[in-house]
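>>> quick one, what's the 3D model for this:
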Amino acid sequence: IALLDRVIAAKGGLDALRGIKTIVAKQTLLNPDSDSKAQAQTTNYIQYPDHFRIETPDMTQGYDGAQAWLKDPRGVVRDGGAPMARDARASMRRDVVSLLLAAKDGTLTPRLLPDVKDPEGHVTHTLELSATDLNPVVFYVEPTTALISKQSFIADAPGRPLVEEQFSDY
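Residues are numbered from 1 along each chain as shown. Okay, here's the model as predicted:
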């Protein structure tokens, strides 16, 4: 699919993506269901292919490719258990770099979807990536830059909420 190739090129190309070893990402998490529109600042440290640490003001959590763990504000570390490890593994598979490489390698199926127009009239291209063992992930791609502005997926959580992650500050 040409759009997949354009997105990969906008990220620096296939060789550059394959060469990424670590990423540090700062993000603001918003809970739209909260009355106070609560925000939390996090720093994510990703080491490819399957390690990460997420630091928030109240907690640190991590995944070493097999086991997930949590560290509370007092510094007490505990095992996150099998459900947290499963969620961490799925989270790593939904990472943009991992998704793009898997789609290019043929382990995910890319499918071009119709363009989407937001309420302000801004149009984005949409690209779905799916596999039998991963809920579809949809990329919203800026037509002029081919950068991903947002991704969405249905979470494997109670109520199966729609999760939207917006990207900026490239």
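>>> what about the residue nearest to R94 when sequence neighbours are not counted, distance to S98?
The spatial neighbour of R94 that comes closest, neighbours along the chain excluded (CB to CB, 6 or more residues apart in numbering), is V137 at 5.7 Å. All C-beta spots, glycine's among them, are computed from the backbone N, C-alpha and C. For V137, the distance to S98 (CB to CB, to the nearest Å) stands at 10 Å.
>>> okay, those two: which has more neighbours?
For V137 versus S98, the count of surrounding residues by other CB atoms under 10 Å is larger for V137: 23 against 19.
>>> name the element the more buried one belongs to?
Applying DSSP states H and E as the criterion places V137 in strand 134-141.
>>> wait, the residue nearest to R94 sits on K150?
No. Applying CB atoms under 8 Å, one finds V137 not in contact with K150, separated by 10.9 Å.
>>> looking at the protein, which helix or strand is least sure?
Lowest mean confidence among the helices and strands of the chain (mean pLDDT, DSSP states H and E): strand 22-30, at a mean of 85.
>>> where does this protein dip in pLDDT?
Scanning the chain for pLDDT under 70 picks out 31-38, 170.
>>> and with 80 instead?
Applying pLDDT under 80 to the chain picks out residues 29-40, 157, 169-170.
>>> in the lengthiest helix in the chain, what counts as buried?
For the chain, the longest helix by residue count, based on DSSP state H, is helix 81-93. Using 16 or more other CB atoms under 10 Å as the test for burial, helix 81-93 gives 84-85, 87-88, 91-93.
>>> contacting residues around that helix?
Applying CB atoms under 8 Å, 6 or more residues apart in numbering, the set of residues contacting helix 81-93 from outside is 46, 49-50, 52, 61, 63, 66-68, 70, 80, 98-99, 102, 134, 156.
>>> where's the spatially most central residue of the chain relative to E165, distance?
Central residue of the chain (CA atoms, centre = their mean): D95, 3.8 Å from the mean position. Per CB to CB, D95 is found 10 Å from E165.
>>> just the strands in this structure please.
With strands called from DSSP state E, the chain shows them at 22-30, 39-47, 51-55, 60-63, 68-71, 77-79, 109-117, 123-131, 134-141, 148-154, 162-166.
>>> quick revisit: nearest to A40 among the buried residues of helix 81-93?
Closest to A40 out of those is S91 (16.3 Å), distances taken as CB to CB.
>>> look up how far A16 lies from that closest one.
Distance check for S91 against A16: by CB to CB, it reads 22 Å.
>>> equivalent analysis for F167, please.
Between F167 and A16 the distance is 17 Å, computed by CB to CB.
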